[in-house]
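Undergrad: Mind looking at a prediction? Sequence and model below.
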Amino acid sequence: MSAIVQIKDVRKAYDDGFEALKGVNLDIEEGEILALLGPNGAGKTTLISTICGIVNPTSGSITVGGHDVVEGYREARKLIGLVPQDINLQPLEFVMNNVNFSRGLFGKPRNDALTEEVLRDLSLWDKRNNRINELSGGMKRRVLIAKALIHEPRVLFLDEPTAGVDVELRKDMWAVVERLRKDGVTIILTTHYIEEAEAIADRIGVINKGEILLVEEKEALMQRLGRKEMRIELAEGVERVPGALSGYDLSLEGNGHTLVYSYDTRGERTGITSLLKDMQAAGLVLRDVQTSQSSLEEIFVSLVKENA
Ligand SMILES: Nc1ncnc2c1ncn2[C@@H]1O[C@H](COP(=O)(O)OP(=O)(O)OP(=O)(O)O)[C@@H](O)[C@H]1O
């Protein structure tokens, strides 16, 4: 199967000389859902903008459905739906007109049945005759999604789709994504939320400082990201981890007063129950317990270090 999006050695230097993309290579397969994770300023929006033909790469090439995004802009752009991070809507336009207009931009005739389906899926049908400036922030975001879908794109880009949106919109959005997935639409989303990537992505790409650090099947990556730590404060300190507990991934901190247990949240069992039992049998008395999960930021730091 050939990739629907092919990115070859793409670099982007902005006018001020800042290099936001430093040689990105990436193939995106038709029908897959790829989540791009990266800290602020990593280059996610720049990468999406180059694929969508909004920003021209300084060098390298990108094709979508075999069309070069610069030379064959119109053909490539027809295949793409983009839900941008910023809300850029005409305040006085009516919702339905505005959505239909977006379809017209791609030379496609109006399709009332599709418009109704898209607006209903996004809970916007009741608002179809309202002006944009009469909508809440979340509803405006829904309109952006409707506008991106109305010309039936084969590749959909969602740039931080759920940053600051409520639970309802999040649920609606996942339902829409699920339906699009069934229709074979390729979806690329950027996000800061691991749970979001975990919920829907097939593959995860990590980008940092303009470079793709890795692209990996979600399952494999989540095994690594899913680690959690339990810190067990002991009533009385110990000099070393007792031999009876050597089967656990334990380390000792705080002058022997804190046992740190690392475990995999995705494993069938965390091992916590048996650890606590074995601790008791070994005569250890606990005073307090805390758990924490490595944040995405921490994961990036470790990935960046690994790649250094
Ligand atoms: N028009 C521009 N001119 C100069 N520099 C820019 C421009 N647009 C973006 N940049 C810089 O390029 C880098 C990447 O920005 P980009 O918006 O692609 O990051 P991002 O990964 O999407 O970040 P965020 O998660 O904060 O949205 C940043 O350092 C940013 O300041």
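TA: Done, it's in. Numbering: from 1, shown residues only.
Undergrad: Would you enumerate the residues in contact with the nearest residue to residue 133 once chain neighbours are set aside?
TA: In space, residue 133 comes closest to residue 91 once its chain neighbours are excluded; the distance is 3.9 Å by CB to CB, 6 or more residues apart in numbering. For the C-beta atoms, the positions are set from N, CA and C on the backbone; glycine is no exception. Neighbour list for residue 91: 131, 132, 133 [criterion: CB atoms under 8 Å, 6 or more residues apart in numbering].
Undergrad: Can you tell me what sits against the biggest helix by length in the chain?
TA: In the chain, with assignment by DSSP state H, the single longest helix is helix 167-182. Here helix 167-182 makes contact (CB under 8 Å, 6+ apart) with 31, 33, 121-123, 138, 141-142, 145, 149, 156, 158, 161-162, 165, 187, 199-200.
Undergrad: Could you identify the buried members of the residues you listed?
TA: 31, 33, 121-122, 141-142, 145, 149, 156, 158, 161-162, 165, 187, 200 (16 or more other CB atoms under 10 Å).
Undergrad: In helices only, show me those.
TA: 121, 141, 142, 145, 149, 200.
Undergrad: still on that earlier bit, out of the buried ones among the contacts of helix 167-182, which are close to the ligand?
TA: Among these, proximity to the ligand is found for none (CB under 6 Å from any ligand atom).
Undergrad: how much space between the residue nearest the centre of the chain and residue 105?
TA: What sits nearest the mean C-alpha location of the chain, by CA atoms, centre = their mean, is residue 191, with 3.4 Å. Distance of residue 191 to residue 105, given as CB to CB, to the nearest Å: 27 Å.
Undergrad: What residues does residue 46 make contact with?
TA: Per CB under 8 Å, 6+ apart, neighbours of residue 46: 12, 20, 21, 55, 210.
Undergrad: Looking at the residues you listed, state which has the most neighbours.
TA: Most neighbours among the contacts of residue 46, by other CB atoms under 10 Å: residue 21, with 28 neighbours.
Undergrad: where does that residue fall, helix, sheet strand or coil?
TA: Here residue 21 is recorded as strand under DSSP: H, G, I helix; E, B strand; the rest coil.
Undergrad: which residue packs closest to it, ignoring adjacent ones?
TA: Nearest to residue 21 is residue 12, by CB to CB, 6+ apart, at 4.1 Å.
Undergrad: so where does that neighbour fall, helix or strand?
TA: Using DSSP states H and E, residue 12 sits within strand 3-13.
Undergrad: Is any residue of that strand near the ligand?
TA: No - in terms of CB under 6 Å from any ligand atom, no part of strand 3-13 sits within range of the ligand; the closest distance is 8.1 Å.
Undergrad: Which elements pack onto that strand?
TA: strand 19-29, helix 44-51, strand 59-64, strand 186-191 (3 or more CB pairs under 8 Å, 6 or more residues apart in numbering; DSSP states H and E).
Undergrad: Give me the mean pLDDT for the second one.
TA: Going back to what we said before, that points to helix 44-51. Helix 44-51 shows a mean pLDDT of 95.
Undergrad: where does the stretch 151-300 of the chain dip in pLDDT?
TA: Applying pLDDT under 70 to the stretch 151-300 of the chain flags the ranges 222-226, 266-267, 294-300.
Undergrad: show me where it has strands.
TA: 155-159, 186-191, 203-208, 211-217, 227-234, 250-253, 258-264, 286-293 (DSSP state E, counting those that start in this stretch).
Undergrad: Tabulate the ones you listed in a markdown table, adding columns for distance to residue 8.
TA: As requested, the strands of the stretch 151-300 of the chain are exported to a markdown table (distance: least, CB to CB, whole Å):
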| stretch | distance to residue 8 |
| --- | --- |
| strand 155-159 | 17 |
| strand 186-191 | 17 |
| strand 203-208 | 16 |
| strand 211-217 | 12 |
| strand 227-234 | 34 |
| strand 250-253 | 44 |
| strand 258-264 | 36 |
| strand 286-293 | 36 |
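Undergrad: Which of those sits closest to residue 111?
TA: strand 155-159 (17.6 Å; CB to CB).
Undergrad: Pull up the residues of this protein that are close to the ligand.
TA: 14, 16, 18, 20, 38, 40, 41, 42, 43, 44, 45, 46.
Undergrad: show me the contacts for the first one.
TA: Residues near residue 14 by CB under 8 Å, 6+ apart: residue 20.
Undergrad: Dihedrals phi and psi, it?
TA: phi -80, psi 170 (degrees, to the nearest 10).
Undergrad: Excluding chain neighbours, give the residue nearest to residue 248 in space.
TA: residue 275 (5.5 Å).
Undergrad: That neighbour and residue 246, how far apart?
TA: For residue 275, the distance to residue 246 - CB to CB - is 12 Å.
Undergrad: Among the two, which residue is more densely surrounded?
TA: residue 275 (20 against 8).
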